[in-house]
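**Student:** I need the structure of the sequence given here:
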Amino acid sequence: MVNCKGFSDRYLTDEEVRQVISDGVDELRPDGQRVLIIIPDGTRTMPIPLMFGLFQELLLPRARSMDYLIALGTHQPMSD
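**Tutor:** Reported below is the predicted structural model:
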């Protein structure tokens, strides 16, 4: 599945992100399924509060269960 949208001169608005997530959830058809959401650790950026809210709103009512896994990666240790 590829569901993306982007711009070279600005970030997506919250409503544009919501539409991308909504379209992706519809395409995945999670109804009655167990869902694992992999989220980045502190070495990657992500609008985590926005995404959690959208997952709760758009995915949780349809999925049988939802779990989260923090992707710690295998990169070299980071300096302070």
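
**Student:** how about the residue positioned nearest the centre of the chain, secondary structure?
**Tutor:** Central residue of the chain (CA atoms, centre = their mean): residue 51, 5.4 Å from the mean position. Here residue 51 is helix, with the state taken from DSSP: H, G, I helix; E, B strand; the rest coil.

**Student:** same thing with residue 7?
**Tutor:** coil.

**Student:** Select the longest helix from the protein.
**Tutor:** In the chain, taking DSSP state H as the definition, the longest helix is helix 14-28.

**Student:** Mind giving me the packing neighbours of that one?
**Tutor:** Identification of packing neighbours for helix 14-28 by 3 or more CB pairs under 8 Å, 6 or more residues apart in numbering; DSSP states H and E yields helix 48-54. Placement of C-beta: from N, CA and C, glycine included.

**Student:** Show the subsequent helix or strand relative to the helix it packs on.
**Tutor:** Tracing the chain past helix 48-54, the next element assigned as helix or strand by DSSP states H and E is strand 65-71.

**Student:** All good on my end, thank you.
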